[in-house]
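# Pasting the sequence and the predicted coordinates here, then a few questions.
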Protein chains: 2
Amino acid sequence: MTVRDPAQDTSDYRKDETRLWLSVLDAYNFVYPELNRQLKERSGISVSKFDVLAQLKRYPDGLSMGDLSARLKVSNGNVSGLVNRLRKDGLVDRSMSAEDRRSFVAVLTDAGQQRFEEAAKVHAAVLSECFRHLNAEDLAETTGVLKAIIRKPRDKGIPAND
Amino acid sequence: MTVRDPAQDTSDYRKDETRLWLSVLDAYNFVYPELNRQLKERSGISVSKFDVLAQLKRYPDGLSMGDLSARLKVSNGNVSGLVNRLRKDGLVDRSMSAEDRRSFVAVLTDAGQQRFEEAAKVHAAVLSECFRHLNAEDLAETTGVLKAIIRKPRDKGIPAND
């Protein structure tokens, strides 16, 4: 991939860029509601709750609301609400922070661990179904191109060397 | 592209599917807020308002709330709210439906037409900037793969011939 000067783009090129963006939106709007529906129906949790459980699974020592919020890219208030609901479900518990004994972190309960593992199978099955027209090369190439989009703006005009 | 049997997927394949989905989410979460921020700053309208204007631009005879709602894939209530705010901005007006003289459709005003054209330039410039690491082949291939995702579930197991 080369770095172009966007100011040089032709009208046709801009149309192709718009088509790509619309196809990202279409893919998102196709997969996300299906994930949410099947996770709720088959595992009793929303995608938002699943994402919280997935983060806590990766951090067995627990995560503060601030860390969870940063990792999930949602507001602190939303994360607190999600965690409170997961505590009522018995899937998450509060634990004293090992780093700061005055604060608490959220941790998975055994039930939460089990529910996450069941839900992860549903999550994988939905993606497999949604992506069934794609082969291994499609997956790798498309992931590579989409990852190139999120290179930071400070890269502007400077060829990336990663 | 060939149609696979998702039940045969290996663990590695599933990881690649998850990576693709995470890269779709990342691309969405990178581009969408940037589009929204720049459209608001430079054109005074949100992406949601831009999307309404873009649809009305395509249909000079106007669209009913139901048609707009279906095209934008958002609820009727949300669309009515957006259209009311666009009317207050002077960008959209109500017009009697040519098909049904008892009902109204939303149409672009001259000011709305002009604002949309300015905003469309901002929209295209943001996409160009976000996609600057992508070349023509990346755009075409990725659009093709993402479009394959949204083939309808009834295609299941039947090779597509389009």
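Cool, got the structure.
# The lengthiest helix in chain A and chain B, any residue contact?
As assigned by DSSP state H, the longest helix anywhere in chain A is helix A:11-43. Yes - counting by CB under 8 Å from any CB of the partner chain, chain B has neighbours in helix A:11-43: A:13-14, A:16-21, A:23-31. C-beta coordinates here come from the backbone N, C-alpha and C atoms, glycine included.
# Buried residues in stretch A:77-91, which are they?
Residues A:79, A:82-83, A:85-86, A:91 are the ones in stretch A:77-91 that count as buried (16 or more other CB atoms under 10 Å in any protein chain shown).
# between the residues you listed, which is closest to chain B?
Using CB to the nearest CB, residue A:79 comes nearest to chain B of the buried residues of stretch A:77-91, at 15.8 Å.
# Helices along chain A, start to end?
Assigned by DSSP H, the helices in chain A fall at A:11-43, A:47-58, A:65-72, A:76-88, A:110-130, A:136-149.
# The first one - contacts with which helices or strands?
Contact here means 3 or more CB pairs under 8 Å, 6 or more residues apart in numbering or on different chains; DSSP states H and E; on that basis helix A:11-43 packs against helix A:47-58, helix A:110-130, helix B:11-43, helix B:110-130, helix B:136-149.
# tilt between that helix and helix B:136-149?
Here helix A:11-43 points in a direction 30 degrees away from that of helix B:136-149 (axes from the mean of the first three to the mean of the last three CA atoms, to 10 degrees).
# average pLDDT for helix A:11-43?
Averaging pLDDT along helix A:11-43 gives 94.
# Give the residue spans of chain A that score low on pLDDT.
Within chain A, the stretches with pLDDT under 70 are A:1-9, A:152-162.
# hmm, try it at 50
A:1, A:154-162 (pLDDT under 50).
# rewinding a little: present the buried residues of stretch A:77-91 as CSV; the columns should include distance to residue A:135.
Listed next are those as CSV, based on distance: CB to CB, whole Å:
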residue, distance to residue A:135
A:79, 37
A:82, 36
A:83, 39
A:85, 39
A:86, 37
A:91, 36
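# closest to residue B:100 out of the helices and strands packed on helix A:11-43?
Closest of those to residue B:100 is helix B:110-130, at 22.8 Å (criterion: CB to CB).
# Can you mark which positions in that closest one are buried?
B:112, B:115-116, B:119-120, B:122-130.
# do it and chain A meet?
Yes - under the criterion of CB under 8 Å from any CB, chain A is reached by helix B:110-130 at B:123-125, B:127-130.
# got a list of contacts for that helix?
For helix B:110-130, the external contacting residues (CB atoms under 8 Å, 6 or more residues apart in numbering or on different chains) are A:6, A:9, A:14, A:17-18, A:20-21, A:149, A:153, A:156, B:30-31, B:34-35, B:38-39, B:42-45, B:50, B:53-54, B:56-57, B:86, B:90-93, B:108.
# what do you get if the cut-off is 7 Å, keeping everything else the same?
Defining contact as CB atoms under 7 Å, 6 or more residues apart in numbering or on different chains, one finds that helix B:110-130 is touched by A:6, A:9, A:14, A:17-18, A:21, A:149, B:30-31, B:34-35, B:38-39, B:42-43, B:45, B:50, B:53-54, B:57, B:90-92, B:108.
# Among those, the buried ones, what's the PyMOL command?
Buried residues among those (16+ other CB under 10 Å), as a PyMOL selection:
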select buried, (chain A and resi 6+9+14+17+18+21+149) or (chain B and resi 30+31+35+38+39+43+45+50+53+91+92+108)
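# before we move on, the earlier item: would you mind saying which of the helices of chain A lies nearest residue B:69?
The closest of those to residue B:69 is helix A:11-43. By CB to CB, the value is 14.2 Å.
# and that closest one with helix A:110-130, angle?
Angle between the axes of helix A:11-43 and helix A:110-130 is 140 degrees (criterion: the same axes, to 10 degrees).
# for residue A:91, phi and psi?
Phi and psi for residue A:91, reported as degrees, to the nearest 10, are phi -100, psi -20.
# ditto for residue A:73
Dihedral angles (degrees, to the nearest 10) for residue A:73: phi 60, psi 40.
# can you check residue A:131 too?
Dihedral angles (degrees, to the nearest 10) for residue A:131: phi -100, psi 20.
# May I have the residues that are in contact with residue A:99?
Taking CB under 7 Å, 6+ apart as the test, residue A:99 contacts no residue whatsoever.
# do you know how far it is from residue B:125?
Remark: distance between residue A:99 and residue B:125 (CB to CB, to the nearest Å) = 44 Å.
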